[in-house]
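Student: Fold the following and give me the result.
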Amino acid sequence: MQSQTGGSISAVSLCNTRRLGRVLIILCVVLAAFSMPVSAQESNPICSDESDTLASMVEGFIQITTALGVMGLLIVWQADSLMQMIAVGREQKASLRDHKRTAIKSAAILVCLGPLFTVAGTTMGLPIASCVDLIPF
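Tutor: Predicted coordinates:
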């Protein structure tokens, strides 16, 4: 029984690791694709907007998704804690602990992505990094 549970946990971890790897690769490709045309232009169209509408929309989107992600973490954490009190078997409790751990990892990644993109954008010299603040807090 334990080998089956351990195998499924490692399969889930492997699937999550692969998914995270794919997301990071896609993100790098998108950043590279968007940085080339923008750097070729003389002025940054996002920063040149006098009303800062696009920059405000990007910042608002990051703040909303981060807030919803943290609220989702709190809901999942509370639901899993309640289910752990009701759960009968060790396998159920272990599964719920793993689910809580996965939720915490996802929320941590979500909270860290904004500052990471801000630092990466500044380091890579992306013009958008000078006028859009991706730090949600």
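
Student: from here on, contacts and neighbour counts on C-alpha atoms
Tutor: Fine.

Student: list the helices and strands the helix or strand residue 64 falls within packs on?
Tutor: Assigned by DSSP states H and E, residue 64 belongs to helix 53-86. With contacts taken as 3 or more Cα pairs under 8 Å, 6 or more residues apart in numbering; DSSP states H and E, helix 53-86 sits against helix 45-48, helix 90-124.

Student: quick one: buried residues of that helix?
Tutor: By 16 or more other Cα atoms under 10 Å, the buried positions in helix 53-86 come out as 55, 59, 62-63, 66-67, 69-70, 73-74, 76-77, 80-81, 84.

Student: contacting residues for residue 134?
Tutor: Applying Cα atoms under 8 Å, 6 or more residues apart in numbering to residue 134 gives the contacts 58-59, 62, 114-115, 117-118.

Student: I'd like these laid out as CSV, including distance to residue 48.
Tutor: Listed next are the contacts of residue 134 as CSV, based on distance: Cα to Cα, whole Å:
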residue, distance to residue 48
58, 15
59, 16
62, 21
114, 22
115, 23
117, 21
118, 19
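
Student: If you rank every helix and strand of the protein by mean pLDDT, what lands last?
Tutor: helix 2-40 (a mean of 63; mean pLDDT, DSSP states H and E).
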